[in-house]
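Visitor: predicted model and sequence follow; I will ask about them next.
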Amino acid sequence: MGFLGQKFMIEYQKLASYYDLLYSDIEYKNDATKVITLYKQYNTSQGEKLLDVACGTGSHLAYLQSSFECTGIDLNELMIKQAGKKCTECKFHVADMRTFQVDSKFDVITCMFHSMNHLPTIADLKKTLINFFDHLESGGIVIMEIIHGREYFLNNSTHSRISKKDNLKIKRTANLMLEGNILIFDGHYEIFNHDTKIKDIDHKHKLRIFEKEEVLSALEAVGFQAIYIAKTFSGKENLSGIFVGIK
Ligand SMILES: C[S@@+](CC[C@H](N)C(=O)[O-])C[C@H]1O[C@@H](n2cnc3c(N)ncnc32)[C@H](O)[C@@H]1O
C-alpha cells in the first residue's frame, strides 16, 4: 500500500466530520495572522490571490478569506465539503498537490500542518514544488509547515488525548514508530456520544520525515529562493518548521 493508497483515503474520509473537533487545539487564527505577516515581508508580486494546498476542512482559509481571494485544494472530497460550508467566499478543487492544474496564478501558496509530509519521496516533494512554482506569479511565495528531522521520533512512543465538545467526545490513541525516514502513525479513535461509544475508527498513515536541508535544496533546485523560519507558527513544538520559497 502506497502512502496515498485507497485505504488511506477511505480512513481519512471517515475522520472528515470529526476533524475540526480533533484539532480544535490548533491555533488556526494565529497561523493565518502569521501567513499575512510573511506575505507582507516576502511577497513582491503584490496581488492577493492565495491557494491553500491540502486545505483540509478550510480552517486556515476561514481566517484568510477576508484578506485574500482564496482557493483551496485537497485530495479528500469530504474535507473539501466541510471547507465549503466554512468558507463561502472561496473556490475549491479536489486534486492531488503533485498534479493539480488550476487555471490561475497565485501570489501566495500555503501548505500547512505537515501536509507535505504525506508525500512519500523527495521526487514527490520536487514534483509538488515544481507545480507550486508553475502556479505562482513572479515575486509570489510559498509557505509550508513541514515536520523535519528524525531525531524527535527516535524512541517509539504512544500518545493519547481526549477532545470534547457538547455531547461528543473523541479519545485518540496513537502509536508512533520510525522506520528509516518514514514515521508510521497508527491511530485508533473512539467516538462517544453522551459517554456511550458510537464508533471506532482506525487510521494508520505514513509520514515521510524530510531533513531541513532536503527541503531547502529541493526548493532551490526548483528555482525558489529558500528561507527557513525556525519554529512552528504556534511555537509549541520544535519538530516542524516553516519554510518559505520566493519565486
Ligand atoms: C494534517 S491534514 C491538514 C489539513 C489542513 N491544512 C489543516 O491545517 O487543518 C493533511 C491534509 O492533506 C491532505 N492530503 C494528503 N495528501 C495530499 C495530496 N497528495 N494532495 C492534496 N492533499 C493531500 C489530506 O487529505 C488532509 O486533508
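Guide: The structure has been received and is ready for your questions. These numbers were taken from a predicted model, which means no experiment stands behind them.

Visitor: contacting residues around the residue in the chain that the ligand sits nearest to?
Guide: At 2.6 Å from the ligand, residue 56 is the closest residue in the chain, using CB to the nearest ligand atom. For the C-beta atoms, the positions are set from N, CA and C on the backbone; glycine is no exception. Residues in contact with residue 56 (CB atoms under 8 Å, 6 or more residues apart in numbering) are 19, 74, 76, 79, 83, 113, 115.

Visitor: can I get the residues you listed in a markdown table including pLDDT and secondary structure?
Guide: Output for these, formatted as a markdown table (pLDDT from 0 to 100; DSSP: H, G, I helix; E, B strand; the rest coil):
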| residue | pLDDT | secondary structure |
| --- | --- | --- |
| 19 | 87 | helix |
| 74 | 96 | strand |
| 76 | 91 | coil |
| 79 | 91 | helix |
| 83 | 96 | helix |
| 113 | 91 | coil |
| 115 | 94 | helix |
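
Visitor: name the nearest of those residues relative to residue 172.
Guide: Nearest to residue 172 out of the contacts of residue 56 is residue 19 (CB to CB; 11.7 Å).

Visitor: can you get me a residue count around that closest one?
Guide: Neighbours of residue 19 under the rule other CB atoms under 10 Å: 17.

Visitor: re earlier: which ones among the contacts of residue 56 come in contact with the ligand?
Guide: By CB under 6 Å from any ligand atom, the members of the contacts of residue 56 lying near the ligand are 74, 76, 79, 113, 115.

Visitor: and the furthest pair within the residues you listed?
Guide: 76 and 113 (13.5 Å).

Visitor: doesn't residue 173 lie inside a strand?
Guide: Yes: under DSSP: H, G, I helix; E, B strand; the rest coil, residue 173 sits within a strand.

Visitor: wait, it touches residue 188, no?
Guide: Yes: counting by CB atoms under 8 Å, residue 188 is a contact partner of residue 173 at 4.9 Å.

Visitor: ok so, going back, how about the residue of the chain closest to the ligand, secondary structure?
Guide: Taking three-state DSSP, the label given to residue 56 is coil.

Visitor: confidence score at the residue lying farthest from the centre of the chain?
Guide: Distance from the centre of the chain peaks at residue 196, with 31.6 Å (CA atoms, centre = their mean). You'll see residue 196 listed with a pLDDT of 94.

Visitor: re the thing from before, only whichever of the ones next to the ligand among the contacts of residue 56 are buried, select them in PyMOL.
Guide: Buried residues within the ones next to the ligand among the contacts of residue 56, by 16 or more other CB atoms under 10 Å, are selected in PyMOL with:
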select buried, resi 74+76+79+113+115
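
Visitor: count the neighbours of residue 21 for me.
Guide: Neighbours around residue 21, by other CB under 10 Å: 15.

Visitor: quick check: the gap between the residue nearest the centre of the chain and residue 20.
Guide: Residue closest to the mean C-alpha point of the chain, counted by CA atoms, centre = their mean, is residue 115 at 3.1 Å. Distance of residue 115 to residue 20, computed by CB to CB, to the nearest Å: 16 Å.
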